[in-house]
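[1] 3D model of this:
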Amino acid sequence: MPLRDAVESLVADGDSVALEGFTHLIPFEAGHEIIRQGRRELELIRMTPDLLYDQMIGMGVARRLVFSYGGNPGVGGLHRFRDAIENGWPRPVEIEEHSHAGMANRYAAGAADMPCAVMRGYVGTDLAAHTTVAPITCPFTGERLVAVPALRPDVAIVHAQEADREGNVQLWGIPGVQKEAILASQRSLVTVERIVEELEPRPGGITIPGWVIGVVAEAPGGSRPSYSLGITDRDNDFYKFWDKMSRDREQFTEWMNEHVLHQGAAAK
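    Model (predicted):
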């Protein structure tokens, strides 16, 4: 399905939406299409919000953010995210913060159709008092543990390198929670760099079968300025540019209007 039609059919105002991908395969183009379609009141879920969620927050898409690190490992904090939290611009955003391990376990529990996951994290930290976790005691050993609720997004969106004509998807490179997000969600969209006649197994690759995927949309370059290993490169200069430019509301708005809103309209 074309990306525009896929987003229109899958993502509604007020949905909980997870756009996942760890360091690479970040679904930027799908996120931009959500912005262009004017979606509002979304609960955005992601282990590391990264530049994509900074853009979506700055454009007023998000009502709430569920995350584990509010920044980008390369350039640090996200300025539109920070402005929304500190000043409510362009609108206030609620937050639910977790650890990386907590988010990964929440996705895994959702993928397994379990109500929660049990882990050793959070114990002894201040975070436990400010997020959604619950202390439990192991019935076998008496050990003090923590339960984290399963994540079950309304929509999961991920990017991958390839899909075949049957809708099976293959991704390779740094592993993230793409598989778990798809399995945990009610509806799903996978954007891909290319559609091939047959998937060729790759070392470290993950194949997600078509029967658990809602829609596949071909989107060459769909992870830029992130990268798709073996196909596109990471635009490191853009990440550094974003850190400086996005500090200013007016410059941010002008850039988004020109490079996301207007560019998308021109493509149509």
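[2] Show the contacting residues for the closest residue to Ile182 other than its chain neighbours.
    Spatial nearest neighbour of Ile182, chain neighbours left out: Ser188 (4.8 Å); criterion: Cβ to Cβ, 6 or more residues apart in numbering. Yep, even glycine has a C-beta here, placed from its N, CA and C like the rest. Taking Cβ atoms under 8 Å, 6 or more residues apart in numbering, we find Ser188 in contact with Leu10, Val155, Ala156, Ile157, Val158, Ala181, Ile182, Val212, Ile213, Gly214, Val215.
[3] now the helices: where do they sit in the stretch 101-250 of the chain?
    Listed in chain order, the helices of the stretch 101-250 of the chain (DSSP state H, counting those that start in this stretch) span 178-184, 236-245, 249-256.
[4] Indicate which one of those is closest to Ile206.
    Among the helices of the stretch 101-250 of the chain, the nearest to Ile206 by Cβ to Cβ is helix 178-184 (5.7 Å).
[5] Off-centre distance for the closest one?
    Taking Cα atoms, centre = their mean, to the nearest Å, one finds helix 178-184 lying 11 Å from the centre of the chain it belongs to.
[6] can you check stretch 38-49 too?
    The chain centroid and the centroid of stretch 38-49 are separated by 8 Å under Cα atoms, centre = their mean.
[7] buried residues in that stretch?
    Using 16 or more other Cβ atoms under 10 Å as the test for burial, stretch 38-49 gives Arg39, Leu42, Glu43, Leu44, Ile45, Arg46, Met47, Thr48, Pro49.
[8] Mean neighbour count, the helices of the stretch 101-250 of the chain: which tops it?
    helix 178-184 (a mean of 24; mean count of other Cβ atoms under 10 Å).
[9] Tell me the helices and strands packed up against that one.
    With contacts taken as 3 or more Cβ pairs under 8 Å, 6 or more residues apart in numbering; DSSP states H and E, helix 178-184 sits against strand 16-20, helix 100-111, strand 155-164, strand 187-196, strand 206-208.
[10] so where's this protein uncertain?
    Applying pLDDT under 70 to the chain picks out residues 264-268.
[11] about what we covered before: nearest to Val123, out of the buried residues of stretch 38-49: which one, please.
    In terms of Cβ to Cβ, no member of the buried residues of stretch 38-49 lies closer to Val123 than Met47, at 20.5 Å.
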